[in-house]
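*Asks:* coords below, sequence missing:
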């Protein structure tokens, strides 16, 4: 109807079918020119040449089922080249002169006026509100004792916190 109203002739003769000169509809990748090098050359080098990231090269390789064989080749070459390094002869160390320290007399400590070195420490288990008190000289010793106690209290448990309470009068 449209053609008839506007006096457009209908051409029903078949035209010669043109052969498609167009390539497939797949978009051309920046990595296509380097297809033969993929897997043989490190991804970082191909990425630098093509102007893409190494992650893009890795994804392209995995999408096309190409393995990274350059890694295995390098490992084989590296193990083949490894040889025993020459060992230098041992050099005798020069002995330092030994000087006797001058003995200094110190006043004897008065035991009655001196506070004990033992400190009180509180520790808790992770995820528990219960706390225990132990006696130790410093935080490192307290941590060692707390770890040993945790193994008996709750095998596999973790120490939640260790807090200093103060000097202990034993």
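*Replies:* Noted; the coordinates are in hand. Not measured: the values here are computed from a predicted model. Residues are numbered from 1 along each chain as shown.
*Asks:* helices or strands up against the helix or strand that residue 149 is a member of?
*Replies:* Using DSSP states H and E, residue 149 sits within helix 139-153. Applying 3 or more CB pairs under 8 Å, 6 or more residues apart in numbering; DSSP states H and E, we find helix 139-153 packed against strand 119-125, strand 131-136, strand 159-167. Yep, even glycine has a C-beta here, placed from its N, CA and C like the rest.
*Asks:* mind checking which of those is nearest residue 50?
*Replies:* Of all these, it is strand 159-167 that lies closest to residue 50, at 53.3 Å by CB to CB.
*Asks:* tell me the mean pLDDT over that closest one?
*Replies:* For strand 159-167, mean pLDDT is 90.
*Asks:* kindly report the domain assignment for the protein.
*Replies:* Under automatic domain parsing, the residue ranges defining each domain of the chain are 36-77, 119-167.
*Asks:* tabulate the ones you listed (JSON lines), appending mean neighbour count.
*Replies:* Output for those, formatted as JSON lines (neighbours: other CB atoms under 10 Å):
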{"stretch": "domain 36-77", "mean neighbour count": "14"}
{"stretch": "domain 119-167", "mean neighbour count": "14"}
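*Asks:* about what we covered before: now do the helix holding residue 149 against strand 159-167, angle only.
*Replies:* 130 degrees (axes from the mean of the first three to the mean of the last three CA atoms, to 10 degrees).
*Asks:* now what about helix 139-153, what contacts it?
*Replies:* Residues outside helix 139-153 that contact it (CB atoms under 8 Å, 6 or more residues apart in numbering): 119, 121, 123, 125, 132, 134, 136, 157-159, 162, 164.
*Asks:* so the residue most central in space within the chain: helix, strand or coil?
*Replies:* Centroid-nearest residue in the chain: residue 55, 17.8 Å away (criterion: CA atoms, centre = their mean). Using DSSP: H, G, I helix; E, B strand; the rest coil, the structure places residue 55 in helix.
*Asks:* ok, it - contacts?
*Replies:* Contacts of residue 55 (CB under 8 Å, 6+ apart): none.
*Asks:* start the count at 119, not 1, going forward
*Replies:* New numbering, starting at 119: the last item is residue 173.
*Asks:* isn't residue 186 right up against residue 159?
*Replies:* No. Between residue 186 and residue 159 there is no contact under CB atoms under 8 Å: 9.8 Å.
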